[in-house]
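Student: After the sequence you'll find the predicted model.
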Amino acid sequence: MADAPRECWITGIGIVSCLGEGADAHWQGLSEQRVNVDAETFAPYLVHKLAPLDLDKQIPKKGDQRQMEAWQRIGTYAAGLALADAGIKGNAELLACTDMIVAAGGGERDVAVDATILSNRGKAANPGAYLNERLMGDLRPTLFLAQLSNLLAGNISIVHGVTGSSRTFMGEEAAGVDAVRIALARIAAGQSELALVGGSHNGEREDLLLLYEAGRHLLRGAFHPVWERGPNGGMALGSLGAFLVLEARGHAEARQAKPLARLSAVVSERSSRSIGAVAAALPRMWQGLRPAAGRVAVISGTSGAEPATGEERVWLETMSELPVRATGSYLGHGFEPQFAMNIALATLVLGREKLFPPAATSGVERGYEGPLDQVVVTAVGHWRGEGMALVEKVS
């Protein structure tokens, strides 16, 4: 008979966003219903810009800071917060056996180089030769290497000394879901004792805005909470960093680490955005989690993009007894780290034994004052890729 799955505790969280850094800043911002959105810098698009960080606190060497792009600095900073919260930062023995699973994009483009090439290509006598020449000459090897998604894990290893196994997943929201799902599965199966899992995203990028505008996914003009953006709504990008320290219960108890919450289950699917696909996937995943009836809340990672947001809304309205909160109304949408961020916020909800106030007046979110035993975290990708996690209070 196979051994029973081992219990997985969340023993550390590290989060940064437009609301600030760390648990207290985020709880205060959510409790005050604070929306920090920039409608000017990238107008007509809206961006939730990262709050200022003192990088020296988590990335002490200036040389390390300089060789990273913004998304790598964000992730390395958040990872340091998570390691410190779990009480393992600087502990070489524990860090040597800490596995790392990172969800990351492909890095940032050099917008100035792109603009110059596009402006001059049409004027060249031989546009094809000009393009090859400029790409070979302007994209330096160091710049090209900065595009590699696994450099975030490498920088975390260099700066913080995390030297266990390392995996990096690409694939927007689905990558964030699978990073957490596989970290949990490895701990449950006895293949890992201690894991650092999460990701980062820099939403303050003209190249990304161009990419998502081409797909008609972006919110324009006036800001509205995600549930109130209507059939022509879209995403307001956010800069996020979120990491979790996941740990086998026995390992945590042996070092006298206290749990913030229990990560009990993670499920995922990969539906296309054909009409009804999300509506069909969500109840299947809910049944896979089997949350208990009673003191349960839902933290949604919905992006505001359609038709996915509308289908999730319709499904949530069939369970009107459950309190729902969509954090994208406060943080914006950060793709890869969104799932880990919302799991971290679920641990705050359970630890503080209350739910932060609703952001929307749409009827999807309602007030709730009682204690909670479980939080279900949903992730519905803007284009495809769904996931859910069950986070539980440890009594």
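Tutor: Happy to help now that I have it.
Student: ok, the residue lying closest to His251 once chain neighbours are set aside to Asp99 distance?
Tutor: By the measure of Cβ to Cβ, 6 or more residues apart in numbering, the closest residue to His251 outside its immediate chain neighbours is Glu193, 4.3 Å from it. Every residue, glycine included, has its C-beta placed from N, CA and C. Between Glu193 and Asp99 the distance is 8 Å, computed by Cβ to Cβ, to the nearest Å.
Student: same thing with Ala188?
Tutor: 13 Å.
Student: Which one of the two is surrounded by more residues?
Tutor: Neighbours per residue, other Cβ atoms under 10 Å: of Ala188 and Asp99, the larger number sits with Asp99, 22 against 19.
Student: That one pairs with what?
Tutor: For Asp99, the beta-bridge partners under DSSP bridges are Ala195.
Student: what's it in contact with, if anything?
Tutor: 164-167, 183, 186, 192, 194-196 (Cβ atoms under 8 Å, 6 or more residues apart in numbering).
Student: Can you pick out the ones from those that are in strands?
Tutor: Using DSSP state E, the subset of the contacts of Asp99 located in strands is 166-167, 194-196.
Student: What is the nearest of the residues you listed to Pro291?
Tutor: Ala195 (23.5 Å; Cβ to Cβ).
Student: The closest one: how many residues sit nearby?
Tutor: With other Cβ under 10 Å as criterion, Ala195 counts 28.
Student: what does the model give the residue nearest to the spatial centre of the chain for pLDDT?
Tutor: Closest to where the C-alpha atoms of the chain average out (Cα atoms, centre = their mean) is Pro337, at 1.6 Å. Looking at Pro337, its pLDDT stands at 98.
Student: list the contacts for it?
Tutor: For Pro337, the contact set (Cβ under 8 Å, 6+ apart) comprises 75, 78, 103, 176, 198-201, 240-242.
Student: which intervals of the chain have sub-threshold pLDDT?
Tutor: Along the chain, the model assigns pLDDT under 70 to residues 1-3, 139-147.
Student: Which residues are in contact with Ala389?
Tutor: Contacts of Ala389 (Cβ under 8 Å, 6+ apart): 180, 263, 265-266, 289, 339, 343, 346, 376-377.
Student: for Gln338, same thing?
Tutor: 173, 176, 201, 240, 242, 301, 328, 379.
Student: Number of residues surrounding the third one?
Tutor: This means His201. His201 has 32 neighbouring residues, counting by other Cβ under 10 Å.
Student: If it is in a bridge, with which residues?
Tutor: Following DSSP bridges, His201 is listed with bridge partners Leu240.
Student: wait, it sits on Ala242?
Tutor: No - in this structure, His201 is not within contact of Ala242 by Cβ atoms under 8 Å, at 9.2 Å.
Student: what do those two both touch?
Tutor: Here His201 and Ala242 share the contacting residues 334, 337-338, scored by Cβ under 8 Å, 6+ apart.
Student: where does Leu246 fall, phi/psi-wise?
Tutor: Here is the backbone geometry of Leu246 (degrees, to the nearest 10): phi -100, psi 140.
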